[in-house]
Every structure is written in C-alpha cells, then in structure tokens.
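Enquirer: give me coordinates for this.
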Amino acid sequence: MSGCAGRSCRCWWAACSSPRSRGRCSAATRGEIDVDDRVFVKRGSRHGPDFFRHEAAGLAWLAAAPGGPRVVRVEEVDDDEITLERIPAGRATTRAALRFGRSLAAMHDAGAAAWGVPADGWAGRCFIGNRPQECAPTASWGEFYAEQRVRPFVRIAVDLGVLGGADLAVVERACDRVASGELDDPGDVPARLHGDLWTGNVLWTPARAGGEGGGENDVGAVLIDPAAHGGHRETDLAMLALFGAPHPDEILRGYDEAHPLREGWRDRVPLHQLHPLATHSAGHGAGYAIALADAARQVLRL
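Expert: Numbering: from 1, shown residues only. Below you'll find the model as predicted:
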C-alpha cells in the first residue's frame, strides 16, 4: 500500500492518499446497482431494514442544515432498497472548492443535540459504510470518540490479527487519554457531521444541474453516503485530508472564512484520523493498522 496506508498524515492536506477504488466502496457494491439517466438504485444490503433507512435519515438531516452543501436527493426508500437522484459528473474547480468549504462549515454549525447523537428522528442501528457502529448520546466528546468510534474497530483489528503488541498498546494509551476528556475543548459544541467524509463521498456536478446557478463551467459539491452524527467538526476535515480532496487548500480557506478553526487544529489532525484509520484497520489491511499506531503516538504527544 502507498501513501497514508502505511503512515498517518501529520501535516494538513499532505500529498498522500490511500487506495480508493479498492475496499472503499458503498453498500451498493455488495448488492445490486441499477442506474439510468434519472436515478441510482441500491438494493440488497445484508444488514436488514435499518441500513437504507439509516442512509436516508442521515441525508435528510444534513440537507436540513441552513446554508449547507447540496445533498443527494432520496427519491424513495424502503427496507430493501434506496433510490437516489443521479448526479451528473463534473470536475471540481477552485471556486467550487471554496464554496464547498464555506457550506461545510455552515452544515457543521447547524449542530446536533449531543455528542454521538444520530440524525434527528433516527432510532435504529447506525452504520459507516457496511459496518455497524454505535450512535449513543454521550456527555463528553472524548468519551464518545474513544469508546464508540475508535475502540470498537480496534477490537476487530485485533481479532483479525492485524494489530497487536506495542502498536496495540500505544493505541489503547491514546484511547485512554482521549476518553479521559483531557483533549476536549470545554467551549466546543457538537457539530452536524457527515461522518464518512472521504473524497469519494463528495461528488462534483455541473452547478446548473445542481441548482446553484453560476457560469457554464461552474460546478458544485454534492454529499452522498453519510454516517451522520453529532461530533467534532475537525473529524470531517481530517478525513478529507487523509483520503485526499481536489483543491484542498481552497476547501480549507472557505471553511476557515466561514468558521475560523481553533488554534492548534493542525496538530490535532492525527487525533481526528484515529476513527477512519481504525475502521480501515478493521477491514482493509495491516497498512492501516501501522498508520493507526503512528497517529496514536502523535496523539500522545499533544
């Protein structure tokens, strides 16, 4: 594996990436996909009736954020399938990336009722990609993040034999520190997170098709496949950094103009990459476990 698969990205928007076409796929690739000129249909999840309804609830919650990014429209959902509008493909521009950064900040600012809370009105199981994950309201961000987002996937990685020994010990120490609340920001409030904001879940489409107006060559961002919950805004940003994004400096500039990031956020990128690195360690190989341990060591130095 190349790029971040073997090491965590310490610097913001580092010039590295992880394999995207291998392993990082939506639930649709495990079942069936139907596509025509108007809609995209996913069906056949092994997780039962909650799976597609959870996706729809998350999309609706993100779409309700005033000033937030465009979110793919759900045409229909039931226990067995979800029908989404088809998004025509476009190429990201610097102007579109700047707008996306601003709108992402607005979505985060729409907030959530508590750390760990799922999308409004959702009471079923929660998922990230094909994996179930807990979404239980928690008093502190650190406890939520360590116990619901990192440790469950660490246990899977241990069971698979890809994480152990000194690397496991350092990850557990980092989780202990996070769970203690030592790295919490007392003035922070839960943000409305996409929760799985790797670059493949941000589509770019001609802006006129997206309803944004703009020039002939303008485009806009569209969010898909969320794992929506109340969390820390830097977590979405850190996942974008880990897996790469077009025009990343412009995304960041737009975000910081709309909502200035707290001092020291660059140093906290490895902290917020613990979750995606743990989930990938649990399903995509030992390279991610190495990167997870590296990120954990950086967390212990904060």
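
Enquirer: where does the stretch 151-300 of the chain dip in pLDDT?
Expert: Residues of the stretch 151-300 of the chain meeting the criterion pLDDT under 70: 208-217.

Enquirer: what segments of the stretch 151-300 of the chain are helices?
Expert: 151-160, 165-179, 233-243, 248-258, 269-272, 274-281, 286-300 (DSSP state H, counting those that start in this stretch).

Enquirer: what residues does the fourth one touch?
Expert: Going back to what we said before, that points to helix 248-258. By CB atoms under 8 Å, 6 or more residues apart in numbering, the residues outside helix 248-258 that reach it are 12-13, 94-95, 97-102, 104-106, 109, 237, 240-241, 245, 261. (Each C-beta comes from the backbone N, C-alpha and C, glycine too.)

Enquirer: how about 10 Å then?
Expert: Helix 248-258 has contacts (CB atoms under 10 Å, 6 or more residues apart in numbering) with 12-15, 67, 92-106, 108-109, 199, 202, 221, 233, 236-237, 240-241, 245, 247, 261, 265.

Enquirer: buried sites along that helix?
Expert: Along helix 248-258, these residues count as buried under the neighbour rule (16 or more other CB atoms under 10 Å): Pro248, Glu250, Ile251, Leu252, Arg253, Gly254, Tyr255, Ala258.

Enquirer: pull up the gap between the last one and Pro66, please.
Expert: Put plainly, it is Ala258. 12 Å (CB to CB, to the nearest Å).

Enquirer: shared neighbours of the two, which are they?
Expert: Contacts common to Ala258 and Pro66, judged by CB under 10 Å, 6+ apart, are Ala106, Asp109.

Enquirer: check contacts around the most centrally placed residue in the chain.
Expert: Closest residue to the average C-alpha location of the chain: Asp196 at 2.1 Å, with CA atoms, centre = their mean. By CB under 10 Å, 6+ apart, the contact set of Asp196 is 24, 26, 58, 127-129, 223-228, 236, 239, 275-276, 279.

Enquirer: partner residues bridging Glu76?
Expert: Beta-bridge partners recorded for Glu76 (DSSP bridges): Thr83.

Enquirer: all further residue positions should be reported with the first residue as 11.
Expert: Renumbered: residue one is now 11, and that last one reads Glu86.
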